[in-house]
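# Kindly return the folded structure for what I paste below:
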Amino acid sequence: MVDFEPNNDVDMIKRSIDGFLEQEIEPLEKKHEDILTPDYRKLRDDGRLKDEVVDIIKTVRRKSGEAGYWAMHMPEDVGGGGMNIVDLVDILQHIYSKGLGLNEHLIENTPGPHPTLLEMDDSLKDEYLYPLIEGKKDGCFALTEGSSGSDALNMSTTAEKDGDEWVIDGSKMWITNSPYADFVQVFAVTDPDAGPGGVSSFLVDADNPGFTVTRVIDTIELDGMHAELDFTNCRVPDTNVIGEVGSGFYTAMEQINYGRARIAARCAGLMEFLLEECVEYANSRTSWDRPIGKRQHVRGMIADIAVWQETVENLALKTAWLIEQGENPIKVSAMAKYYATETLFQAADNAVQVFGGNGLSLDYPLERVFRYARTLRIPEGTSEMQKERIADEVGLGSGIK
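This is a model prediction of the structure:
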C-alpha cells in the first residue's frame, strides 16, 4: 500500500515552494491588496476580472513556470517536472494548506498544461504546449454544456469536416479561465451515431472569428473565471484535432480519477488550513474568562475537522497510489471526491461557527473557503453522481439509464 514515510525530494520541494510564496507571491498580494481582497474588488461591472488582476495572475503563472512548479505534473520530455501523482497530491495539499490566494495559481490543471494535450500533433507543440508549460500562455478545457451537466456525453456542439478544415458550431458553459485564455480545447460531436467514439477534441485560438466569450457567469466564488462560450462557423485546420478523430471523449474520461484525486488533495489542504485557524482562534478568544477552546461544543467542532482532514488525506493518497500502480480506481476516486468535498463544506461551516460573527466577516479568510467549498461539490461529477458510481461499484448495478 501507500508508503507514508516522508519523501525527502517532496519535502525539499515543499520548502522551496514556501520560499517562493514568501519571496514572490506574498509581496504581490501585499502590494495589490486593495484590488485582491475582498474578492468583489477584483471584478469589473460585467463580471470579468479587472485587467490588473489578470496581469497579476499571469505573472504568478509565469514565475511559477520559470521556477518549475507550474508544470511539475507534466512529463520531463516536454519540459515538465515528471512528478508522479502521489507526490503531486502531497504537494497540492501543502499549497492549499496556506488557504486561498495567489497560491492557487502555482499549479493548476484547467488553464495550464494537462495530459490530454500531449495528444496534440507535434507540429503544434511549439505554438501551444511548450509556452503553456512555461506559463507564458493559458488555455481552457471546454467540455461542459448548459443542458448536459453531469451527462457530459449529451452534447450538442458539433464539428463537421469541410475539405481540410473542421467547422465547429455550438456552445459551452461554465468553462474556467475561458475569458482570459489564449486558446480553447473544445470537445464536439464528429459522428452522432458513434456514441462515446463520436466525440473529438480541437484547438481553437481565442482570436478565431468564429469563437466568442458570450458572457462571464457570476458565481458565489466571485472569481470572474467561468464563462459561456459560442462557436459559430468556427473553422480550424485538420491539424488542430487533438489525438485521433473520435478519441476526444475517451481521452477526457481517462483524466477523471486524476482530477478527483487533485480535488481531494485541495480539500485536505484547505481543511488543514481551517484546522490551524480554528485552533489558534479558539485558544486566544475568551468567553467568561476562559478560552472558547475549553468549551465542549467548540472542541467537538474542531475535532470533527481534524478527523475529516486525516480521512480525506488518506483517500486522496490511496487514489493517487492506485493510479500510480496502473489501476483504474473508479470506486475509491469517487469516494475521495464525494467525501472530500462534502466534508470540506462541513468543515468550513464548523470553522465559521467557531469564529462566530467574525467568521461571517470579510476581514477573515473563512467565508471565502466556505464559498469555495460549496462550489467543489459540483465539478468533476456532482456528489450525487459520485454516490451513483459508488453504488454501481459495490454491486447495485447502474442506476442511470
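
# what about residue 286, how many neighbours?
Residue 286: 12 surrounding residues under other Cβ atoms under 10 Å. Every C-beta, even on glycine, is put in place using the N, C-alpha and C of the backbone.

# Excluding sequence neighbours, find me the nearest residue to it.
Among residues not flanking residue 286 along the chain, residue 292 sits closest, at 6.9 Å (Cβ to Cβ, 6 or more residues apart in numbering).

# where exactly do the strands run in the stretch 51-200 of the chain?
Using DSSP state E, counting those that start in this stretch, the strands of the stretch 51-200 of the chain run over 141-142, 158-162, 165-176, 183-189, 199-205.

# pLDDT weak spots in this structure?
Scanning the chain with the threshold set as pLDDT under 70 gives 1-4, 6, 400-401.

# how does it divide up, domain by domain?
Per automatic domain parsing, the structural domains of the chain span 8-84+99-107, 141-249, 255-396.

# and the one helix or strand residue 302 maps to, which residues are buried?
Taking DSSP states H and E as the criterion, residue 302 maps to helix 296-324. Residues 298, 301-302, 305-306, 308-309, 311-313, 315-324 are the ones in helix 296-324 that count as buried (16 or more other Cβ atoms under 10 Å).

# Please name whichever of the strands of the stretch 51-200 of the chain is nearest to residue 35.
strand 165-176 (20.8 Å; Cβ to Cβ).

# Check which residues of that closest one are buried.
Across strand 165-176, burial judged by 16+ other Cβ under 10 Å covers 166-176.

# again, but for stretch 278-286
Neighbour counts over stretch 278-286 (16+ other Cβ under 10 Å) mark 278, 281-282 as buried.

# ok, back up a step: do I have it right that the residue nearest to residue 286 meets residue 280?
No: here residue 292 lies out of contact with residue 280, judged by Cβ atoms under 8 Å, at a distance of 11.8 Å.

# Could you look up the SS state of the residue lying closest to residue 52 once chain neighbours are set aside?
Leaving aside its sequence neighbours, residue 52 sits nearest to residue 35 (Cβ to Cβ, 6+ apart; 6.0 Å). Three-state assignment for residue 35 (DSSP: H, G, I helix; E, B strand; the rest coil): helix.

# Relative to residue 118, how far out is residue 35?
Between residue 35 and residue 118 the distance is 36 Å, computed by Cβ to Cβ, to the nearest Å.

# now do residue 239
From residue 239 across to residue 118, the span is 16 Å (Cβ to Cβ).

# Which of those two has more residues huddled nearby?
residue 118 (17 against 12).

# wait, what's in contact with the more buried one?
74-75, 78, 129 (Cβ atoms under 8 Å, 6 or more residues apart in numbering).

# Just flag the most distant two among these.
Greatest spacing in the contacts of residue 118, by Cβ to Cβ: 75 and 129 (10.8 Å).

# Could you verify my assumption that residue 49 touches residue 43?
Yes: in terms of Cβ under 8 Å, residue 49 counts as a neighbour of residue 43; the distance is 6.5 Å.

# Need the overlap of contacts for the two.
residue 224.

# which residue ranges form the helices in the protein?
8-20, 26-31, 33-36, 51-67, 85-96, 122-125, 129-133, 248-253, 256-284, 296-324, 330-355, 357-360, 366-375, 383-391 (DSSP state H).

# Between helix 51-67 and the first one, find me the angle.
If you take axes from the mean of the first three to the mean of the last three Cα atoms, to 10 degrees, helix 8-20 sits at 140 degrees to helix 51-67.

# Restrict helix 8-20 to CA atoms and write it as PDB.
Presented in PDB, the C-alpha positions along helix 8-20 are these (Å, rounded to 0.1, in the frame of the first residue of the first chain):
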ATOM      1  CA  ASN A   8      12.900  13.800   1.000                       C
ATOM      2  CA  ASP A   9      12.600  15.100  -2.500                       C
ATOM      3  CA  VAL A  10       9.000  16.200  -1.900                       C
ATOM      4  CA  ASP A  11       9.900  17.800   1.400                       C
ATOM      5  CA  MET A  12      12.600  19.800  -0.400                       C
ATOM      6  CA  ILE A  13      10.100  20.900  -3.000                       C
ATOM      7  CA  LYS A  14       7.700  22.000  -0.200                       C
ATOM      8  CA  ARG A  15      10.400  24.100   1.400                       C
ATOM      9  CA  SER A  16      11.200  25.600  -2.000                       C
ATOM     10  CA  ILE A  17       7.600  26.400  -2.500                       C
ATOM     11  CA  ASP A  18       7.400  28.000   0.900                       C
ATOM     12  CA  GLY A  19      10.300  30.200  -0.100                       C
ATOM     13  CA  PHE A  20       8.700  31.000  -3.400                       C
END
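
# so what secondary structure elements neighbour that helix?
helix 51-67, helix 85-96 (3 or more Cβ pairs under 8 Å, 6 or more residues apart in numbering; DSSP states H and E).

# change it to 6 Å
In terms of contacts (3 or more Cβ pairs under 6 Å, 6 or more residues apart in numbering; DSSP states H and E), helix 8-20 is packed against helix 85-96.

# picking that back up, quick check: of the buried residues of stretch 278-286, which lies closest to residue 244?
Proximity of those to residue 244 (Cβ to Cβ) peaks at residue 278, which lies at 50.4 Å.

# if I pick that closest one, what's in contact with it?
By Cβ atoms under 6 Å, 6 or more residues apart in numbering, residue 278 lies in contact with 302, 351, 354.
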